[in-house]
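>>> Next one to model:
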Amino acid sequence: MNTKNIFILGIAAMAVFSLLGFAAAAENVNDDTGDVWHWTWNSNTGAYSWMHSTTNRPNIDITELSYGTSGQQIVLTLKVAGTIEDSEKIVYAAFYNTTDGTYYMTYANGTGSCMGISGNYTSFATGNVTVSGNTITGTINMLGNGAKSDFYGYAYEYTNFGDTSGEWWGDWAPQDDSPWYGTESDNDGGGSGGGSTPGFEILLALGAIALVVALRKK
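Now for the predicted structure:
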């Protein structure tokens, strides 16, 4: 076999492995509609409740969450049953964690953010977020080729947070990441779910990124 044929076979093999890698590094999560949860509390009466929302909340009702790779970039996508809303009281977020790093996408009040940080906190990347109709898409450069360790998203709508009362609605994908998955109680009830409460990871990521930036300036 001459050198030219070996080169062509090598290119073909690389293309096949690239396609296989893309398939392995992609996931699509379909989420039910009508599964938005509603939480309220009143410190004056000592009452709180969590239950499935009795009102339709299509703009935060997640229908699909996915991630994939495009070249050397991670693509995160979140879709809702209604329309992505530009509101300071609504937050959309997706998290994709690997053995090499953490990536997240957020959108609220007309502003999107897509960032990633390596597992050892020595490098980070920023990306782009676009919105079209019912879909948010975040694109960010890959930080290594680690395997997936966690993947989830959520949409929250906040209202009426004060000193004595509060109220919000939320949907999670996959559904078993809901903090109350599999339980439902109201009127001063209680319960806990099978998944962790997502959202706090973003604070850790932002803190780590700020530390990297500060060290680079020295």
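
>>> any idea which helix or strand of this structure has the worst average confidence?
The helix or strand of the chain with the lowest confidence, counting by mean pLDDT, DSSP states H and E, is helix 3-24 at a mean of 36.

>>> Just list the residues touching residue 99, thanks.
Residues near residue 99 by CB atoms under 8 Å, 6 or more residues apart in numbering: 119, 144, 146-147, 149. Yep, even glycine has a C-beta here, placed from its N, CA and C like the rest.

>>> so how far is residue 111 from residue 54?
31 Å (CB to CB, to the nearest Å).

>>> more neighbours, these two?
Neighbours of residue 54 and residue 111, each counted by other CB atoms under 10 Å, are more numerous for residue 111; the result is 10 against 7.

>>> ok now do the closest residue to residue 87 other than its chain neighbours, which residues does it touch?
The shortest distance from residue 87 to any non-neighbouring residue, by CB to CB, 6 or more residues apart in numbering, is to residue 109 (6.2 Å). With contacts taken as CB under 8 Å, 6+ apart, residue 109 has the following neighbours: 86-88, 90.

>>> Going by neighbour count, which of these comes out on top?
Neighbour counts for those peak at residue 90, which has 21 neighbours (criterion: other CB under 10 Å).

>>> Name whatever forms a beta bridge with the residue lying closest to that residue once chain neighbours are set aside.
With sequence-adjacent residues excluded and distances taken as CB to CB, 6+ apart, residue 90 is closest to residue 157, at 4.9 Å. Beta-bridge partners recorded for residue 157 (DSSP bridges): residue 90, residue 169.

>>> Make 16 the starting number, not 1.
OK, 16 is where the count begins now, so the last one is residue 172.

>>> Quick check, pLDDT for residue 172.
In this prediction, residue 172 carries a pLDDT score of 94.

>>> cool, and residue 147?
97.

>>> Okay, now the unreliable bits of this structure?
Scanning the chain for pLDDT under 70 picks out 16-40, 175-178, 192, 194-233.

>>> for it, what spans make up the helices?
Using DSSP state H, the helices of the chain run over residues 18-39, 216-232.

>>> Report whether the expected contact of the residue nearest to residue 105 with residue 186 is present.
No - with contacts defined as CB atoms under 8 Å, residue 172 does not count as touching residue 186, sitting 9.2 Å away.

>>> So the two - more neighbours on which side?
residue 186 (27 against 20).

>>> which residues does the more buried one contact?
Residues near residue 186 by CB under 8 Å, 6+ apart: 46, 50-52, 72, 75-77, 169-170.

>>> Put together TSV for these, with neighbour count and distance to residue 181 on each row.
Formatted as TSV, the contacts of residue 186 follow (neighbours: other CB atoms under 10 Å; distance: CB to CB, whole Å):
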residue	neighbour count	distance to residue 181
46	20	25
50	16	21
51	23	17
52	19	14
72	20	17
75	24	17
76	22	21
77	27	22
169	22	17
170	26	18
